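**Q** only the shape, not the letters, is given here:
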């Protein structure tokens, strides 16, 4: 009996495991479904424009597909009406700028390539039925090689990459199909018209139904990046001078927000070069809005973020200056950090609202005064009994704070320059005249003029 | 007479200017042409693979267009043979990974969407001639909305964005055109076959003619980034301790090379997520090569680059420690910087060659010894007569150098981890056993073991 039961018992193992796996399957499936549902909900909540965009694309495609169903519309284009539907699918992008860029690229490239392709076909057909394929193949090869190489030019790649691809595509289509169908001109014409219809349909839906302006996104993102640095600096003073005991607790979100600024370069450049320049004037952003200057402000913000990153490394560094040494520079350091934060917040807030005020400059002045105080403190002989090695972290923090003031001044200048070029409104509301005078008079005094400041929350 | 000549004389102005402009036109045209020619030459010289790629695309398109010319090939597909040509244009990308990714996306999406579209048509046609458009339009709307929304999922966007677009496109095409043409199954089948032919043609050309492996580019780029930091650190010591007189001459290319590391995140992520994972094993990169770990090494390199950026700011800072103060810490600082540079160079070199050696670890040990020397120098009372404010920059530089050692250790660990996961060869050639022993014994001694090191130039 034993010999019979033992293999049976062995085979129970895999069967039981199989059963368990099968029993667990519905649960696993449920878990996976719930996870996807949760992610979907989060995606929609993070930016509800995504849901609207999906509905818009569905609407545009459905609208254009009616060309195919209705006799009078279908008669104009025939089977080629499908090109209009395909164009809508290919051209519909999230933002107006991207849709416009792609649509214009597609239309222009089709027009030029269609004409060139028809010309190539006519030229090639002169050489007879046998010579035609050879000539057309030569033309196609040359055009494909040149156009593909042109896509490597950075400027072409940024703006006309899609157009270049459509150019090769249409040229091949028109010139090659001329071999089987003599009506290439008609074909080129129909292709262009259907693409025109498709592009216009998706543009109309894109602009008329809750438009997403990428230029506005760029504007908000630059302001948000400045505000993120401000949030760090606001918290830094308190964190650094209390932290010693619980230094590994450095996961606070307001201290990590600035990290996305470090790597924001490519997204800003994409927004600017690829999309924002295609957008027509809208709302506060006029025609020829100086989008390029946003990159300058963005670059300076990143320069500042690198310094903030260095500052952050002292928060969770193993080598910490002893509390008594830090205590000595605590007051001016906190003040510099706080005034810098206020200056950045003011800048972010006024930049977002597209106004120019002097309040950020005032905070910079205040931080400079605090910096002088800090410097004179460092010069005094308070330190003589201290160990230099222990002092280095504290001294480095002080030195970084001084440098950050310089960075913020540069950002402020760039923002003002941009404000002038984009004709932001000038407002002196937050600064009373007598206050301004007193600041200028007291510029050598270390007392700090209290300025009301608002805490702003910038949506990402 | 005067009254007559004066308007004539006035009108000379614009005419003369017009003539001058016309005369200058050929020159301007020549200049522009020369500039474009120069840029073209530079693009080709910088990366000759670009020229090869252009020729490859031309070749693939021309090859596939023969489907259209030759009777026996044409008979199989008919006019749809054009889809094969279009597929080649759309799928051909610079690297094997990108081409493979796009090709697979296109094929899979066409297969699934073709089947679904045919199904939708069959279902809709049950409801009669009038109900069909309404049902199909509903299906199209629902599919378009869901698929467009799915493109927002970061994971889908990174890998399957193109496939999602082709999915909507094919679904619309097959289901909508079913209204005019009952042979949707045949149409879906032909569309899939032509796309298969086109994708395979471009893949074969892409892989067989001088293939460009993006994984290799990622590998080289990570190594090059490490080497760029090494180049900076190699030059830093000399620059910082001699610079005071000519501090504004900070445009030396070897000191600026590291700046591209700061913003390399997005390009590395694109290379990894979008393309490298699609590539089959090739050369030294086996199947399931740990591409994800490259991102970790890349991130640590960037962390180190942020510190190097902070170090660089002391090179052209207005506030400089006096030469005598800097002179005191010159020797150990230079040694730390040089040993760090050597460690990074060794790492870059061995990483590039896919070997594991202990030589980088030795240089790190050496730099740690120099760091101890630096620390003990900072502890001594050499400084008592000095002004603390003047010392801060020098102290900050020393502190940054100490931190950079930590960063480099982390990079070294990550590189070794990657080396193990990717089974790099282990070589102990550069380190003799007795040397290794002596290092371990002397770890508390400040003497530095001289290690031969090679200067490598990493191509970008």
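**A** Noted; the coordinates are in hand. Predicted model, so just to flag it, every value in this text is computed and none were measured. Residues are numbered from 1 along each chain as shown, chains lettered A, B, ... in the order given.
**Q** do any residues in the longest helix seen in chain A lie close to chain B?
**A** Secondary structure of chain A read by DSSP state H shows that its longest helix is helix A:2-46. Yes - counting by C-beta under 8 Å from any C-beta of the partner chain, chain B has neighbours in helix A:2-46: A:39, A:40, A:43, A:44. No exception for glycine: its C-beta is placed from N, CA and C like everyone else's.
**Q** tell me the SS of residue A:168?
**A** helix (DSSP: H, G, I helix; E, B strand; the rest coil).
**Q** check contacts around the residue nearest to residue A:363 when sequence neighbours are not counted.
**A** Setting aside the residues directly before and after it, residue A:363 is nearest to residue A:343 in space (C-beta to C-beta, 6 or more residues apart in numbering or on different chains), at 3.6 Å. Contacts for residue A:343 (C-beta atoms under 8 Å, 6 or more residues apart in numbering or on different chains) come out as A:230, A:360, A:361, A:363, A:364, A:367, A:408, A:412.
**Q** on the C-terminal side of whatever helix or strand the first one lives in, identify the next helix or strand.
**A** The one in question is residue A:230. Element membership for residue A:230, per DSSP states H and E: helix A:214-242. The helix or strand immediately downstream of helix A:214-242 is helix A:253-256, counting by DSSP H and E.
**Q** could you count how many residues lie near the nearest residue to residue A:185 once chain neighbours are set aside?
**A** In this structure, residue A:185 finds its nearest non-sequential neighbour in residue A:118, 5.2 Å apart by C-beta to C-beta, 6+ apart. Other residues near residue A:118 come to 21 when the count uses other C-beta atoms under 10 Å in any protein chain shown.
**Q** quick one: whichever strand or helix holds residue A:118 to helix A:214-242, angle?
**A** Assigned by DSSP H and E, residue A:118 falls within helix A:96-125. Calculated by axes from the mean of the first three to the mean of the last three C-alpha atoms, to 10 degrees, helix A:96-125 forms an angle of 130 degrees with helix A:214-242.
**Q** list the helices and strands helix A:96-125 packs on?
**A** Here helix A:96-125 touches helix A:81-91, helix A:128-150, helix A:154-177, helix A:184-208, helix A:214-242, going by 3 or more C-beta pairs under 8 Å, 6 or more residues apart in numbering or on different chains; DSSP states H and E.
**Q** dump these to TSV, plus mean pLDDT, distance to residue A:258 and mean neighbour count.
**A** Converted to TSV, the helices and strands packed on helix A:96-125 look like this (pLDDT from 0 to 100; distance: least, C-beta to C-beta, whole Å; neighbours: other C-beta atoms under 10 Å in any protein chain shown):
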stretch	mean pLDDT	distance to residue A:258	mean neighbour count
helix A:81-91	91	37	25
helix A:128-150	92	39	18
helix A:154-177	91	28	21
helix A:184-208	91	34	20
helix A:214-242	89	5	23
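**Q** save the ones you listed as a markdown table, and put in distance to residue B:109 too.
**A** Shown next, in a markdown table, are the helices and strands packed on helix A:96-125 (distance: least, C-beta to C-beta, whole Å):
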| stretch | distance to residue B:109 |
| --- | --- |
| helix A:81-91 | 12 |
| helix A:128-150 | 24 |
| helix A:154-177 | 18 |
| helix A:184-208 | 20 |
| helix A:214-242 | 27 |
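**Q** just to revisit the earlier point, check the gap between the residue nearest to residue A:185 and residue A:148 for me.
**A** 22 Å (C-beta to C-beta, to the nearest Å).
**Q** and for the closest residue to residue A:321 other than its chain neighbours, the neighbour number?
**A** Once flanking residues are discounted, residue A:321 sits nearest to residue A:394: 3.8 Å by C-beta to C-beta, 6+ apart. For residue A:394, the count of nearby residues is 27 (other C-beta under 10 Å).
**Q** what does residue A:79 give?
**A** The burial count for residue A:79: 13, using other C-beta under 10 Å.
**Q** is it true that it touches residue B:177?
**A** Yes - in this structure residue A:79 lies within contact range of residue B:177 using C-beta atoms under 8 Å: 7.3 Å.
**Q** contact partners for the closest residue to residue A:111 other than its chain neighbours?
**A** Closest residue in space to residue A:111, ignoring its immediate chain neighbours: residue A:192 at 5.7 Å, by C-beta to C-beta, 6+ apart. By C-beta under 8 Å, 6+ apart, the residues touching residue A:192 are A:107, A:110, A:111, A:114.
**Q** can you put those in TSV and add pLDDT?
**A** Putting the contacts of residue A:192 into TSV (pLDDT from 0 to 100) gives the following:
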residue	pLDDT
A:107	95
A:110	95
A:111	95
A:114	93
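**Q** the closest residue to residue A:356 other than its chain neighbours and chain B, how far apart?
**A** In space, and not counting its chain neighbours, residue A:356 is closest to residue A:419: 4.5 Å by C-beta to C-beta, 6+ apart. In this view, residue A:419 and chain B are 26 Å apart by C-beta to the nearest C-beta, to the nearest Å.
**Q** equivalent analysis for residue A:22, please.
**A** For residue A:22, the distance to chain B (C-beta to the nearest C-beta) stands at 27 Å.
**Q** neighbours of that residue, just the number please.
**A** 9.
**Q** hang on, the earlier thing: next, the angle helix B:154-177 makes with the longest helix of chain A.
**A** Using the same axes, to 10 degrees: helix A:2-46 against helix B:154-177 is 80 degrees.
**Q** I'd like the contacts of residue A:192 as JSON lines, with neighbour count appended.
**A** Converted to JSON lines, the contacts of residue A:192 look like this (neighbours: other C-beta atoms under 10 Å in any protein chain shown):
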{"residue": "A:107", "neighbour count": "20"}
{"residue": "A:110", "neighbour count": "29"}
{"residue": "A:111", "neighbour count": "17"}
{"residue": "A:114", "neighbour count": "25"}
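**Q** ok, so of these, who is nearest chain B?
**A** The nearest member of the contacts of residue A:192 to chain B, counting by C-beta to the nearest C-beta, is residue A:110 at 13.0 Å.
**Q** ok, that closest one touching residue A:193?
**A** No - counting by C-beta under 8 Å, residue A:110 stays clear of residue A:193, with 9.7 Å between them.
**Q** and the stretch 101-250 of chain A, which residues reach chain B?
**A** Proximity of the stretch 101-250 of chain A to chain B, by C-beta under 8 Å from any C-beta, involves residues A:133, A:136-137, A:140-142, A:144-146, A:148-149, A:152-153, A:165, A:168-169, A:172-173, A:176-177, A:179-181.
**Q** would you confirm that residue A:424 contacts residue A:355?
**A** Yes - Residue A:424 lies in contact with residue A:355 (C-beta under 8 Å); the separation is 5.6 Å.
**Q** from chain B, how far off is residue A:130?
**A** For residue A:130 relative to chain B (C-beta to the nearest C-beta), the value is 10 Å.
**Q** from residue B:419, how far off is that residue?
**A** In terms of C-beta to C-beta, residue A:130 sits 60 Å off from residue B:419.
**Q** point out where the stretch 1-150 of chain A drops to low pLDDT.
**A** For the stretch 1-150 of chain A, the stretches with pLDDT under 70 are A:1-13.
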